[in-house]
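> following is a predicted model, sequence given first.
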Number of protein chains: 2
Amino acid sequence: MEKHPGHFTVSEFPEMDKRFRTNLINSLSGFKSVVLVGTKNKEGVENLSIISSVIHIGANPALMGFIMRPTTVQRDTYENIMKSGYYTFNHIQPDFYEKAHQTSARYPKEISEFSEVELEPGYLDDFPAPYVIESHIRIGLQFQEVIPIKLNGTWLIIGAVKHIYFPDNCLSRTGHLDLQKAGTITVAGLDTYYKTKKLARLSYAKPNQSIQHLD
Amino acid sequence: MEKHPGHFTVSEFPEMDKRFRTNLINSLSGFKSVVLVGTKNKEGVENLSIISSVIHIGANPALMGFIMRPTTVQRDTYENIMKSGYYTFNHIQPDFYEKAHQTSARYPKEISEFSEVELEPGYLDDFPAPYVIESHIRIGLQFQEVIPIKLNGTWLIIGAVKHIYFPDNCLSRTGHLDLQKAGTITVAGLDTYYKTKKLARLSYAKPNQSIQHLD
């Protein structure tokens, strides 16, 4: 096998400029889910933070997780989830992705990122956490478990899906939500945002059978 | 707030057709990282499986995780990781995404998905796990820890990044890998693949300062 032109080994990581290393390592996980997390504290102050570490945990029961770094601006989000037990995930579209990114600024605890970035909080079906009105796909979650990752002091926060809101014309008869039609975007690394262009939906794979393009 | 037209609540999930529910819940996490995992067993049989649950755990030390369901076809991948301690993540491009999807078929243990789907295994810098030659961005990982998620019997597998290979013209001076230029694709749900179109890289967010488009 020919030597690949670009190559770093783990022994080079400590010598790298911190921001260079952060950008490089954050690129490795490919295109990522990016959502706005909506919460509210006991005093009624709403909080909104952008995260790019959402992960599907399971469909039955419906569970979603995300990784949190305790020392970051997401600390308010964590405290609100722990105290209220509820939070929302809101997909991001191109018409408000700059506002979504702006929520990562370090605002004081008493300030709501909703009002700072001018996104509208909304409450649906008596759920205690705020949704982002502008978002087309919104999920209401109830906190289930925090799993500490001792290797680097981060946490995996797991919640159960309680509500799903979506544009009616984006749901197929097979249960797929058409994320591209809904305008959901994706992120690479910490700061680079992308729209998508569908290649195809592929058939269920079986040995000795060709993959079909379904739509 | 107006009632959103499409809405499901958790009480409706048990009544749903299983495949419908699986597709729906898998859509919620948005566009996801999708990679091919390369491993080898003691007998020298190479294994390749597609996963869409990769997650960035941390940059320093450089750690990546993924969620595994013990009962799926990924069982061989898990056993190989546990026994050898090493595995590779390989980004997927449009020219071989059907082959990548085909690796999710249930092949017998003694069969290598590399040869079944016609992707070429390669070894670099004495690393014991096989890379996918066709892949532009490849990562060599050493197993660190498996964290059981008791809520649904899945596992979070965490590895340390040991090697990174990439096209030289895709690395910026800031450490960003240009994933779109490299041809990396993304997936929604279990079976729908997408290319990307960059919106912008955005500046670091600070309170009371406008977000800039950097490139």
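Done, it's in. Residues are numbered from 1 along each chain as shown, chains lettered A, B, ... in the order given.
> what segments of chain A are helices?
A:18-27, A:75-84, A:97-102, A:113-117, A:179-182 (DSSP state H).
> between those, which gets nearest to chain B?
Comparing the helices of chain A against chain B with CB to the nearest CB, the closest turns out to be helix A:18-27 (3.5 Å). C-betas here are computed from N, CA, C, even on glycine.
> which strands and helices sit next to the lowest-mean-pLDDT helix or strand in chain A?
Across the helices and strands of chain A, mean confidence by mean pLDDT, DSSP states H and E is lowest for helix A:75-84: a mean of 93. Using 3 or more CB pairs under 8 Å, 6 or more residues apart in numbering or on different chains; DSSP states H and E as the contact test, the elements touching helix A:75-84 are strand A:35-40, strand A:46-51, strand A:86-91, strand A:138-149, strand A:154-166.
> to residue B:31, which of these lies closest?
Of all these, it is strand A:86-91 that lies closest to residue B:31, at 9.6 Å by CB to CB.
> okay, now the sheet partners of that closest one, with direction.
If you go by DSSP bridges, strand A:86-91 pairs up with strand A:35-40 (antiparallel), strand A:138-149 (antiparallel).
> follow-up on the earlier one: contact partners of the least confident helix or strand of chain A?
A:37, A:39-42, A:47, A:49, A:68, A:70, A:87, A:109, A:128-129, A:143, A:146, A:155, A:157, A:159 (CB atoms under 8 Å, 6 or more residues apart in numbering or on different chains).
> that one vs strand A:86-91, what angle?
In terms of direction (axes from the mean of the first three to the mean of the last three CA atoms, to 10 degrees), helix A:75-84 departs from strand A:86-91 by 130 degrees.
> convert helix A:75-84 to CSV, retaining C-alpha atoms only.
Only the C-alpha atoms of helix A:75-84 are listed here, as CSV (Å, rounded to 0.1, in the frame of the first residue of the first chain):
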residue,chain,number,x,y,z
ARG,A,75,-22.9,24.1,32.4
ASP,A,76,-26.2,26.0,32.6
THR,A,77,-27.8,23.5,30.3
TYR,A,78,-26.6,20.6,32.4
GLU,A,79,-27.9,22.2,35.7
ASN,A,80,-31.2,22.9,34.1
ILE,A,81,-31.6,19.4,32.9
MET,A,82,-30.7,17.9,36.3
LYS,A,83,-33.0,20.2,38.2
SER,A,84,-36.0,20.2,35.9
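> about what we covered before: out of the contacts of helix A:75-84, which are buried?
Using 16 or more other CB atoms under 10 Å in any protein chain shown as the burial test, these include A:37, A:39-41, A:47, A:49, A:68, A:87, A:129, A:143, A:155, A:157, A:159 as buried.
> and the nearest residue to residue A:178 once chain neighbours are set aside, how many neighbours?
Nearest non-adjacent residue to residue A:178, counting by CB to CB, 6 or more residues apart in numbering or on different chains: residue A:170, 4.5 Å away. Neighbour count for residue A:170, taken as other CB atoms under 10 Å in any protein chain shown: 20.
> before we move on, what about residue A:198?
15.
> ok, it - contacts?
Residue A:198 makes contact with A:180, B:192-194, according to CB under 8 Å, 6+ apart.
> figure out which of the helices of chain A is closest to residue A:64.
The nearest among those, by CB to CB, is helix A:75-84 at 12.6 Å.
> centre of the chain to stretch A:58-68, how far?
Its chain's average C-alpha position is 12 Å from that of stretch A:58-68, according to CA atoms, centre = their mean, to the nearest Å.
> ugh, typo on my part, it should be stretch A:190-197
That offset, for stretch A:190-197, works out to 13 Å (CA atoms, centre = their mean).
> from chain B, how far out is residue A:53?
From residue A:53 across to chain B, the span is 6 Å (CB to the nearest CB, to the nearest Å).
> same check on residue A:63?
Separation of residue A:63 from chain B (CB to the nearest CB) stands at 6 Å.
> could you find the closest non-adjacent residue to that residue?
residue A:57 (3.9 Å).
> give the burial count for the one you found, as a bare number.
Neighbourhood size, residue A:57 [other CB under 10 Å]: 27.
> then residue A:200?
18.
> any idea what the closest residue to it other than its chain neighbours is bridged to?
Excluding the flanking residues, the one nearest residue A:200 by CB to CB, 6+ apart is residue A:213, at 4.2 Å. Beta-bridge partners for residue A:213, by DSSP bridges, are residue A:202.
> dump the residue contacts of residue A:213.
A:200-203.
> what's the pLDDT at it?
As predicted, residue A:213 sits at a pLDDT of 96.
> and what of residue A:108?
pLDDT, residue A:108: 89.
> cool, residue A:74 as well?
68.
> in stretch A:105-120, what counts as buried?
Within stretch A:105-120, judged by 16+ other CB under 10 Å, the buried ones are A:105, A:107, A:112-114, A:116-117, A:119.
> restrict the residues you listed to contacts with chain B.
Near chain B, judged by CB under 8 Å from any CB of the partner chain, the entries from the buried residues of stretch A:105-120 are A:105, A:107, A:116.
> circling back to that earlier point, could you dump the buried residues of stretch A:105-120 into CSV and include distance to residue A:82?
Output for the buried residues of stretch A:105-120, formatted as CSV (distance: CB to CB, whole Å):
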residue, distance to residue A:82
A:105, 23
A:107, 20
A:112, 19
A:113, 19
A:114, 20
A:116, 23
A:117, 24
A:119, 23
